[in-house]
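**Student:** Pasted the sequence and its predicted model underneath.
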Amino acid sequence: MEGFDERNGAINTRTPYLKNPMDRINAPKPDQLLIVGTGALATLFAWQLARAHYDIMLLGSWQPGVSALRENGARLVDANGTEQAFPVRIVEDASQCHGAKHAIVLVKSWQTRRVARQLAECLSDDGLAITLQNGLGNYEILVEILGKDRVTLGSTTAGATLLGPGLVRSGGEGIISIQSHPHLAPVEEALRSAGFKVEVVADANSLVWGKLVINSAINPLTALLRVPNGELLKRPTARAMMRALAQETAAVAFAERVNLTFGDPAALVEDIARRTAGNYSSMFQDVRRGTPTEIEAICGAVARTGRRDGVPTPMNDACWQLVQALSPSAGNVPGSPE
């Protein structure tokens, strides 16, 4: 990526690409959005918002991602194999985004406590952090460090595959669901303007648990078997295990008095596996890269909650332990993708 196309803001390869504008990092502008993370979803969100002419700043720690985003912008490869990039700002030090009004948190769940401390340093007193992360516990950690008034809960079915640092392929359109908050309107408007499907809900907890049903049933099996989502439907034993995992997680949600938005969890995960047949789950991608997974916040969280509520979770327990055995602990892989 060597140049900048004034017509649409995209970087091209015909004219010299000036990197200096990306490096002029001061206090965030009023219309600037902070994205926390440099992994697949963070890059996808940055690309789509920057394409809509929003001033995007990313806060990251993964050095290959930081370097690629700084030098080449956020890049996306479409279904035709065409690559397009848009410039974004990228910082590693939270002090460089001091006064941020709105932050979308898109790091892996095992990094939440670290980035919460960073946000405590840079998020304004009346700012808002929106978590769209996988698994359970992220919202609670952010509230613990930032306070309840500065955090809201969300969930997204948008997906992306990280092809390389700062380079993604979209997994297709998804929905972003965010719990209502007095300071949410500017982010909602930006996401809609960028082409995301957004719904604001009174209580996002049921949606987070709904996504947990899907993630706990599909992700660990694809990671353990090293297969795309649709392959689970073709293998009778894998299909039966996927259904059992979904039913287990739904039983724990019921014990937690969560009103799930669907009736049959097993039918739901089969439908998702069918519609995303060619996709590789984020957990499979993590295992393939040899980086930490989110198994603790997915099957681990289901098993721990089930134990507390007296709900047996043998399938989630088994997947929790098996994926842990496959992947390194978070503390053993410095500089893992966010």
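**Tutor:** Yes, it's here.
**Student:** and residue 155, helix, strand or coil?
**Tutor:** Secondary structure state of residue 155, per DSSP: H, G, I helix; E, B strand; the rest coil, is strand.
**Student:** so what pLDDT did the residue lying closest to it once chain neighbours are set aside get?
**Tutor:** Leaving aside its sequence neighbours, residue 155 sits nearest to residue 207 (CB to CB, 6 or more residues apart in numbering; 4.4 Å). Every residue, glycine included, has its C-beta placed from N, CA and C. Residue 207 carries a pLDDT value of 92.
**Student:** can you dump the C-alpha coordinates of the helix or strand encompassing residue 207 into PDB?
**Tutor:** Element membership for residue 207 (DSSP states H and E) is helix 205-225. Below are the C-alpha coordinates for helix 205-225, written out as PDB (Å, rounded to 0.1, in the frame of the first residue of the first chain):
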ATOM      1  CA  ASN A 205     -27.400 -10.300  28.500                       C
ATOM      2  CA  SER A 206     -29.700 -12.700  26.800                       C
ATOM      3  CA  LEU A 207     -27.900 -12.000  23.500                       C
ATOM      4  CA  VAL A 208     -24.500 -12.600  25.100                       C
ATOM      5  CA  TRP A 209     -25.700 -15.900  26.400                       C
ATOM      6  CA  GLY A 210     -27.300 -16.800  23.000                       C
ATOM      7  CA  LYS A 211     -23.900 -16.200  21.400                       C
ATOM      8  CA  LEU A 212     -22.300 -18.300  24.100                       C
ATOM      9  CA  VAL A 213     -24.600 -21.200  23.300                       C
ATOM     10  CA  ILE A 214     -23.300 -21.000  19.700                       C
ATOM     11  CA  ASN A 215     -19.600 -20.500  20.600                       C
ATOM     12  CA  SER A 216     -19.500 -23.200  23.200                       C
ATOM     13  CA  ALA A 217     -21.000 -25.700  20.800                       C
ATOM     14  CA  ILE A 218     -19.100 -24.900  17.600                       C
ATOM     15  CA  ASN A 219     -15.700 -23.300  18.500                       C
ATOM     16  CA  PRO A 220     -14.100 -26.000  20.700                       C
ATOM     17  CA  LEU A 221     -15.100 -28.800  18.300                       C
ATOM     18  CA  THR A 222     -13.700 -27.100  15.200                       C
ATOM     19  CA  ALA A 223     -10.500 -26.300  17.100                       C
ATOM     20  CA  LEU A 224     -10.100 -29.900  18.400                       C
ATOM     21  CA  LEU A 225     -11.000 -31.500  15.000                       C
END
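**Student:** got the buried residues for stretch 277-296?
**Tutor:** Buried residues in stretch 277-296, counted by 16 or more other CB atoms under 10 Å: 279-287, 291-296.
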